[in-house]
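Undergrad: Give the three-dimensional model of this entry:
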Amino acid sequence: MTNVFINLRFIIAFCLATLPLTAIPAPIPEYDMKAAYLYNLAMFTEWPENAINTPTNNTVRLCILGNDSFGSSLSTLSRSRNTGMRIQLSYLTDVKRADFCQVLFIDKSELKNTESVLKLLENKSILTVTDNEEIFRMGLMVGLFLDKNKLIFDINYTLANSSKINISSKLLKMARYVI
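TA: Take a look at the predicted model:
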């Protein structure tokens with residue numbers, strides 16, 4: 001019986017000794033990834049120089065319409081980047097205040113209002129983004145989606161181009177679909 005315990009202790013010690021000593025990184029939370037994508041979308045997008053909402057002093061105004069699913073992800077990201085571009089966050093309860101936004105993220109909580117929101121945004125150079133496929137299909141420029149725990153994005157280039165927004169070819173190459 002003592003041999004069994006000695007062997008069992010040896011097997012347990014061997015198994016513990018052969019476990020990898022490196023820590024497995026924790027997965028990045030979904031909205032931290034989406035915040036980083038929004039930042040990069042802003043960095044690799046150009047707005048017309050004569051538009052009312054053209055970025056000034058390397059500052060891009062990112063607006064959130066609807067519920068704030070990002071928590072502190074966006075504010076942390078806007079403070080931590082040192083790329084020469086700053087993000088100014090605005091949380092909107094009314095799309096009529098979006099005129100000076102360069103990027104407008106429309107939360108899924110705005111699904112029922114999306115058609116009227118898009119009507120108000122017609123002919124404005126505002127990059128519209130969502131993470132809801134139904135809202136994206138209604139006529140937004142960028143959709144951020146999870147596919148098998150991987151964040152992917154689709155770009156409606158035709159719509160962006162008609163709004164005089166130039167999305168970098170680097171982003172277009174990375175997109176899952178470009179419409």
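Undergrad: ok, K96 touching L120?
TA: Yes. Applying CB atoms under 8 Å as the test, K96 and L120 come out as touching, 6.6 Å apart. The way it works is simple: take the backbone N, C-alpha and C, and place the C-beta from them, glycine included.
Undergrad: Tell me the spacing between A98 and E110.
TA: For A98, the distance to E110 equals 12 Å [CB to CB, to the nearest Å].
Undergrad: Quick one: the helices in this protein, in order.
TA: Counting by DSSP state H, one finds helices in the chain at the ranges 2-18, 30-43, 73-80, 114-121, 133-137, 157-162, 169-174.
Undergrad: Mean pLDDT lowest where, among these?
TA: The minimum mean pLDDT among these belongs to helix 2-18 (a mean of 46).
Undergrad: How about the contacts made by the closest residue to V95 other than its chain neighbours?
TA: Distances taken as CB to CB, 6 or more residues apart in numbering place V117 nearest to V95, at 4.7 Å, with adjacent residues excluded. The neighbourhood of V117, defined by CB atoms under 8 Å, 6 or more residues apart in numbering, consists of L65, V95, I106, E110.
Undergrad: could you flag which of those residues are buried?
TA: L65, V95, I106, E110 (16 or more other CB atoms under 10 Å).
Undergrad: between those residues, which is nearest N161?
TA: I106 (19.6 Å; CB to CB).
Undergrad: The residue lying closest to A42 once chain neighbours are set aside pairs with what?
TA: Setting aside the residues directly before and after it, A42 is nearest to V60 in space (CB to CB, 6+ apart), at 4.4 Å. Beta-bridge pairing of V60 under DSSP bridges involves I87.
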